[in-house]
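>>> can't give you the sequence, but here's the structure:
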């Protein structure tokens, strides 16, 4: 079956347009994929702790050497590192805090919680260079145990919890 030359030229022209459209579509998909991978790599490289979104509370272990980094809801990056931990005669912790100043350096930001959610204040002293010594103000009631130590580096969300395990 023979077609007119005008028809064949129109078919070839249409096929070229389809090929251009498919090439542009595939290029756009490839560009989105590359940008997505670059975004993920960038967020992993420069986003800090991947378990921490801005303003999300972060948990770590209540052990010597435990480190927790949080970004508060107002964008402050704060790191708390337990340098020393002792349980006798009462819970005591030596902590180095980086970031979140000036509020994070206030000593009334640390509390000890018991297994029944009782909150106990901790007495603290600044040792300089972002290092603080906290001790439980009083004793733990008989039959109770420590659940976690809570640090509120500022008035926004994004708190640090050192969980006893």
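Nice, thanks for sending it over. Since the model is a prediction, treat every value here as computed from it, not as a measurement. Numbers count the residues shown, from 1 in each chain.
>>> What score does residue 76 have for pLDDT?
Per-residue pLDDT puts residue 76 at 78.
>>> Wait, it touches residue 98, no?
No: Residue 76 is beyond contact range of residue 98, at 10.8 Å (criterion: Cβ atoms under 8 Å). Just so you know, the C-beta spots here come from the backbone N, C-alpha and C atoms, and that holds for glycine as well.
>>> which of those two has more neighbours?
residue 76 (18 against 14; other Cβ atoms under 10 Å).
>>> residue boundaries of the strands in this protein?
Remark: strands assigned in the chain by DSSP state E are 58-61, 67-71, 77-86, 92-98, 110-114, 119-128, 131-136, 146-151, 160-163.
>>> Tell me which residues are up against the last one.
Read that as strand 160-163. The contact list for strand 160-163 (Cβ atoms under 8 Å, 6 or more residues apart in numbering) reads 57-62, 66, 68, 70, 78, 80, 82, 147-153.
>>> and if we set it to 10 Å?
Strand 160-163 has contacts (Cβ atoms under 10 Å, 6 or more residues apart in numbering) with 57-63, 66-70, 72, 78-80, 82, 85, 93, 95, 97, 100, 104, 109-110, 112-113, 146-153.
>>> So the residue lying closest to residue 124 once chain neighbours are set aside versus residue 132, what's the distance?
Spatial nearest neighbour of residue 124, excluding adjacent residues (Cβ to Cβ, 6 or more residues apart in numbering): residue 107 at 3.6 Å. From residue 107 across to residue 132, the span is 7 Å (Cβ to Cβ, to the nearest Å).
>>> same check, this time on residue 58
According to Cβ to Cβ, residue 58 and residue 132 sit 19 Å apart.
>>> Compare those two (neighbour count), which wins?
residue 132 (24 against 18).
>>> Would you confirm that the more buried one contacts residue 108?
No: using Cβ atoms under 10 Å, residue 132 makes no contact with residue 108, being 11.5 Å away.
>>> Which neighbours do those two have in common?
Counting by Cβ under 10 Å, 6+ apart, the residues touching both residue 132 and residue 108 are 122, 124.
>>> For this protein, give me the ranges with low pLDDT.
43-54, 100-106, 137 (pLDDT under 70).
>>> closest one to residue 13 among the strands of the chain?
The closest of the strands of the chain to residue 13 is strand 67-71. By Cβ to Cβ, the value is 56.1 Å.
>>> Buried ones in that closest one, by neighbour count?
Residues of strand 67-71 classed as buried: 68, 69, 70, 71 (neighbour count, 16 or more other Cβ atoms under 10 Å).
>>> Throw those into a markdown table and include distance to residue 124, thanks.
Below are the buried residues of strand 67-71 laid out as a markdown table (distance: Cβ to Cβ, whole Å):
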| residue | distance to residue 124 |
| --- | --- |
| 68 | 18 |
| 69 | 21 |
| 70 | 19 |
| 71 | 23 |
